[in-house]
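S.K.: Sequence and predicted model, in that order:
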Number of protein chains: 2
Amino acid sequence: MSELRLNLITREWVIIATERAKRPDDFRQKKDHKFLPEHLNTCPFCTGNETKTPSEIMTIASDGSWKIRVTPNKFAALNIDGERTRINEGLKHLVTGVGRHEVIIESSLHNTTPALMPNEDVAEIINVYKKRFIDIYNDPRIEHVIIFKNHGEKAGTSLEHPHSQIVGTPVMPMQVRERIDEARRYFDNTGECLMCSTVRAELAEGRRIILDTEHFVTFIPYAALSPFHIWIFPKRHTSTLAAMQDDETADLAYNLKTVLAKLYHGLDNPDYNYVIRSESPKECGSEYFHWYLSIVPKVVQTAGFELGSGMYINSALPEESAEFLRKVKV
Amino acid sequence: MSELRLNLITREWVIIATERAKRPDDFRQKKDHKFLPEHLNTCPFCTGNETKTPSEIMTIASDGSWKIRVTPNKFAALNIDGERTRINEGLKHLVTGVGRHEVIIESSLHNTTPALMPNEDVAEIINVYKKRFIDIYNDPRIEHVIIFKNHGEKAGTSLEHPHSQIVGTPVMPMQVRERIDEARRYFDNTGECLMCSTVRAELAEGRRIILDTEHFVTFIPYAALSPFHIWIFPKRHTSTLAAMQDDETADLAYNLKTVLAKLYHGLDNPDYNYVIRSESPKECGSEYFHWYLSIVPKVVQTAGFELGSGMYINSALPEESAEFLRKVKV
């Protein structure tokens, strides 16, 4: 019989199709591989085309040229200039669309991806995330900052050149607020952080762990929302990415690069999104929230059931998916 | 400048990209049209292949053969047999995967779709929804029932034959509970139903209305989550689909068929999901919740931003989309 598992962090039920579950190999992508060049003249993120993007906010240099480049998103969803103004008229609640929307070009090479980079390069990207994260929160109009990466068309990007994005919104997203509220409720009931408790329980059971290093644990959650849904949690309780220290950054880079490489080789370069979920540094020190990184490979299509209920049907057993990824050599 | 609009019913902020918004025509699908036959020997939902699906739960007959057929889903996510049992062990919360998962085959014709059917046929489908909805809630193991349709591959179906699905879950989805809680909070504050207030405000402003009939109003919400996101609300306050009367069913059929036909002709048969959001008939009479039908055309791809924040970026102006659909002749 299938079973429903409650994800205590997202607070949603997941139907785990235990009986007719697919094998991990069934999620391997059948892609038409195309040869990507190291440099593409028409790519706005390739070297030599820097004028096709707005002027850079920061760069990481290497041997006289840039290695990582951060620019405002040319097609920004939010305007950097302007005042945050609120208008309430009857049922219409409006806030002006001010905020930050930046692109982090992760490499000067068109045809690489974090799964194929050295750990040190991934650590540099994470350091850039942290710097931009802190800087954007310094803007008093910003209530929340989201860091994310879209890899591949099914993940919502048509740009092949490796990049991630960071958005600062002038409002607090309700989904984020609800998850913080749930974590606070758990803290009220138990005196413990929900994520710290989750790390301890996952490590004790061990069956869903992919990587266990000094500072981080990478695992498939008990109630994974979709096949190969992966979480990377810091072991030290910290509510915000801003508090990450250098040795932790290096360790996170190892975890992120390694698990992305396991997906790349084990499932043949699936499209994926990842996001960093963190509290604001202004809340730094909250005892009940704990930042983490969530990876969602786009190997299945959601439909009306998920739309209408918020619940998910996961046709992969989290325990089997984790075992499969543990065995992938990278 | 773009603007953020708060959707009071989903409780989520939407970034409406007013400045660089796309024109309604930009969402027209560029499809390779393929000729679909009226009957396909290999289709499990076509006549003559009834043994390829489980035995029917109900049928609507016409001229000696079936016109609508309801069967258990052959690949059901939940088992019809078994006890609802709950196991709580530490952080693991589990409920056995019992429930209902049925398929409503909407026509014996392989190549039709509600957008092309006579209103009366759509009314018969809606009547079947209502009957199965009430019957499934009679199962004491069922906490919530979701009715939905997936039309096209981007909406999560590979079966061309027109069909919808109904799922009864042994748990209450958190997303549904949160929306009911929000509606109750509005009721506590105002003494009014949030959806009744929304209908009144939308009709008063008029700019986002697509259809306004005796019993229903079809509109694009002020804070539509995505391009051409459409709501059909009953004007009479009723918390549950189970309370719909025959003249209302006929009027809903007209609204649903007409707006689907407008999408079909105006955007060239886009893939879409629709869902019916309703309280349980056991809660019949609740003053604060109001059932409705939500249509989400799959004309854009969500990505890491939506995943990480729950917020949406809508690149179509709701007012322009509604005007466009009002003008599509069907």
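M.R.: Looks like it arrived, so ask away. Residues are numbered from 1 along each chain as shown, chains lettered A, B, ... in the order given.
S.K.: what number of residues lie near A:L260?
M.R.: By other Cβ atoms under 10 Å in any protein chain shown, 25 other residues sit near A:L260. Placement of C-beta: from N, CA and C, glycine included.
S.K.: That one contacts A:A115, doesn't it?
M.R.: Yes - between A:L260 and A:A115 there is a contact under Cβ atoms under 8 Å: 4.0 Å.
S.K.: Mind telling me what element A:A316 is part of?
M.R.: Assigned by DSSP states H and E, A:A316 falls within no helix or strand.
S.K.: And for A:E202?
M.R.: In this assignment (DSSP H and E), A:E202 forms part of helix A:194-205.
S.K.: which residues are contacting that helix?
M.R.: Applying Cβ atoms under 8 Å, 6 or more residues apart in numbering or on different chains, the external contacts of helix A:194-205 come out as A:8-9, A:182-183, A:186-187, A:190, A:208-209, A:212, A:217, A:219, A:221-222, A:233, A:235, A:237, A:288-290, A:292, B:90-92.
S.K.: Kindly report the same for stretch A:61-76.
M.R.: The contact list for stretch A:61-76 (Cβ under 8 Å, 6+ apart) reads A:44-45, A:47, A:50, A:52-60, A:80, A:100-108, A:121, A:124-125, A:128, A:132, A:165, B:20.
S.K.: Are we agreed that A:A224 is in a strand?
M.R.: No - according to DSSP: H, G, I helix; E, B strand; the rest coil, A:A224 belongs to no strand; its state is coil.
S.K.: leaving aside the residues next to it on the chain, what's closest to it?
M.R.: Once flanking residues are discounted, A:A224 sits nearest to A:P318: 4.6 Å by Cβ to Cβ, 6 or more residues apart in numbering or on different chains.
S.K.: Show the contacting residues for that neighbour.
M.R.: By Cβ under 8 Å, 6+ apart, A:P318 lies in contact with A:16, A:208, A:220-224.
S.K.: now stretch A:109-124: mean pLDDT?
M.R.: Stretch A:109-124 shows an average pLDDT of 97 in the prediction.
S.K.: Please read the previous query as pertaining to stretch A:56-67.
M.R.: Stretch A:56-67 comes out at a mean pLDDT of 94.
S.K.: what about the residue nearest to A:A224, distance to chain B?
M.R.: Note on A:P318: its distance to chain B, by Cβ to the nearest Cβ, to the nearest Å, is 11 Å.
S.K.: which phi and psi does that residue have?
M.R.: Main-chain dihedrals, A:P318, degrees, to the nearest 10: phi -50, psi -40.
S.K.: Kindly report the same for A:E178.
M.R.: Torsion angles, degrees, to the nearest 10, at A:E178: phi -60, psi -40.
S.K.: That one touches B:E178, doesn't it?
M.R.: Yes - contact status for A:E178 versus B:E178: in contact at 7.0 Å, counting by Cβ under 8 Å.
S.K.: Just the helices from the stretch 1-150 of chain A, written as ranges.
M.R.: Secondary structure of the stretch 1-150 of chain A (DSSP state H, counting those that start in this stretch): helices at A:119-137.
S.K.: Including pLDDT, could the contacts of A:P318 go into a markdown table?
M.R.: Shown next, in a markdown table, are the contacts of A:P318 (pLDDT from 0 to 100):
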| residue | pLDDT |
| --- | --- |
| A:I16 | 96 |
| A:R208 | 98 |
| A:I220 | 98 |
| A:P221 | 98 |
| A:Y222 | 98 |
| A:A223 | 97 |
| A:A224 | 97 |
